[in-house]
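Visitor: Got a predicted structure plus its sequence, pasted below:
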Amino acid sequence: RNRQAKRMYKKSLEVKQNGGNVIADFVCPTETARNIFLADFRIWVDTIKKSRFDDTNKVFTRPDKYDFHVTTQDARYWAPIIFKKLKIIK
């Protein structure tokens, strides 16, 4: 899990250094993995009770730091709200 966060972080740095913006979507089940990525804005998608991957379920810890909390599987509802919040931050 930490390896994936490191890989995603390195890729995001390349894009940012070239003047781009980054949106990443991947599982960070531990606080350590979340801290490796150093996201500017964190969205916790909290829509399932457990993962289909048992190893992820065993290490998962609820995030205590996030900027937005999604609680239902309804992208048409959440996307405009998140977009508006991101525009305010920029």
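Guide: Received it, and whenever you're ready, just let me know what you need. Numbers count the residues shown, from 1 in each chain.

Visitor: in the protein, which spans are helices?
Guide: For the chain, applying DSSP state H gives helices covering 2-17, 31-37, 54-59, 75-89.

Visitor: could the ones you listed be laid out in JSON lines, adding distance to Asp46?
Guide: Just so you know, the C-beta spots here come from the backbone N, C-alpha and C atoms, and that holds for glycine as well. Compiled in JSON lines, these are given as follows (distance: least, C-beta to C-beta, whole Å):
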{"stretch": "helix 2-17", "distance to Asp46": "19"}
{"stretch": "helix 31-37", "distance to Asp46": "14"}
{"stretch": "helix 54-59", "distance to Asp46": "14"}
{"stretch": "helix 75-89", "distance to Asp46": "11"}
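
Visitor: Which among those is found nearest to Asp67?
Guide: When the helices of the chain are compared by C-beta to C-beta, helix 75-89 sits nearest Asp67, at 7.6 Å.

Visitor: before we move on, back to that, deepest of the helices of the chain, which one?
Guide: Mean neighbours per residue, mean count of other C-beta atoms under 10 Å, is largest over those for helix 31-37, with a mean of 17.

Visitor: Packing partners of that helix?
Guide: Identification of packing neighbours for helix 31-37 by 3 or more C-beta pairs under 8 Å, 6 or more residues apart in numbering; DSSP states H and E yields helix 2-17.

Visitor: Nothing else from me, thank you.
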